[in-house]
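[1] from the sequence below, what's the structure:
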Amino acid sequence: MSTTSEQVNPFRRNALSDVRMKARSLEAKKMTFGERLRAARDTTGLNQRDLATLCGWTGDAGQVRISAYESDTNEPALADIERLAMALGVPAAELAFGYSADFTKEELALVQAWRTGDPVIKTMLSNVVKMWKKPRWRRGIPPSTEEP
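    Here you go, the predicted structure:
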């Protein structure tokens, strides 16, 4: 007897759908910000002008702004990403980076600072990361306060 799609184990089908969802998530990470913005806007059924209005950007300038973000000619500021995400009903991290995460505003600000390309900021943040990779006692924290 041959196996049809109806005879497939339902747990197997769920596993396959999980794999497909993970693949879509990986595709979203490969997308540019503009592509993710466009996909989210299309999903909600909004046009550029309506989205701009929801974000508080009125007139033609708002639509031009959305168009520039979607074509990746302009990179939005953190505040703009938050406005867009709120208007579209998606997490800001998902819109900005292609995956959902519970980032604080401060963490998103650090990512945006890194992306500016300013060598001074990159050096400072790199030094912080290097410091946190060291064992606690090497960072000046006494061994007695180390967590198990």
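
[2] dump the residue contacts of residue 70.
    34, 35, 37, 38, 41, 48 (C-beta atoms under 8 Å, 6 or more residues apart in numbering). For the C-beta atoms, the positions are set from N, CA and C on the backbone; glycine is no exception.

[3] adding neighbour count, secondary structure and distance to residue 88, write these out as CSV.
    Putting those into CSV (neighbours: other C-beta atoms under 10 Å; DSSP: H, G, I helix; E, B strand; the rest coil; distance: C-beta to C-beta, whole Å) gives the following:
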residue, neighbour count, secondary structure, distance to residue 88
34, 19, helix, 14
35, 16, helix, 14
37, 26, helix, 8
38, 18, helix, 11
41, 20, helix, 7
48, 18, helix, 12
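
[4] and which of these is nearest residue 126?
    Nearest to residue 126 out of the contacts of residue 70 is residue 34 (C-beta to C-beta; 27.9 Å).

[5] could you measure from residue 65 over to residue 130?
    As for residue 65, its distance to residue 130 is 38 Å (criterion: C-beta to C-beta, to the nearest Å).

[6] neighbour count for the two, which is higher?
    Each of residue 65 and residue 130 has its neighbours counted (other C-beta atoms under 10 Å); residue 65 has more, 19 against 9.

[7] what is the burial count for the spatially closest residue to that one that is not a sequence neighbour?
    Leaving aside its chain neighbours, residue 65 sits nearest to residue 57 (5.7 Å; criterion: C-beta to C-beta, 6 or more residues apart in numbering). Using other C-beta under 10 Å, residue 57 is surrounded by 18 other residues.

[8] ramachandran angles for residue 57?
    Main-chain torsions, residue 57, degrees, to the nearest 10: phi -100, psi 110.

[9] ramachandran angles for residue 61?
    Dihedral angles for residue 61 - degrees, to the nearest 10 - are phi -60, psi -40.

[10] sorry, wrong one. I was asking about residue 91.
    phi -60, psi 140.
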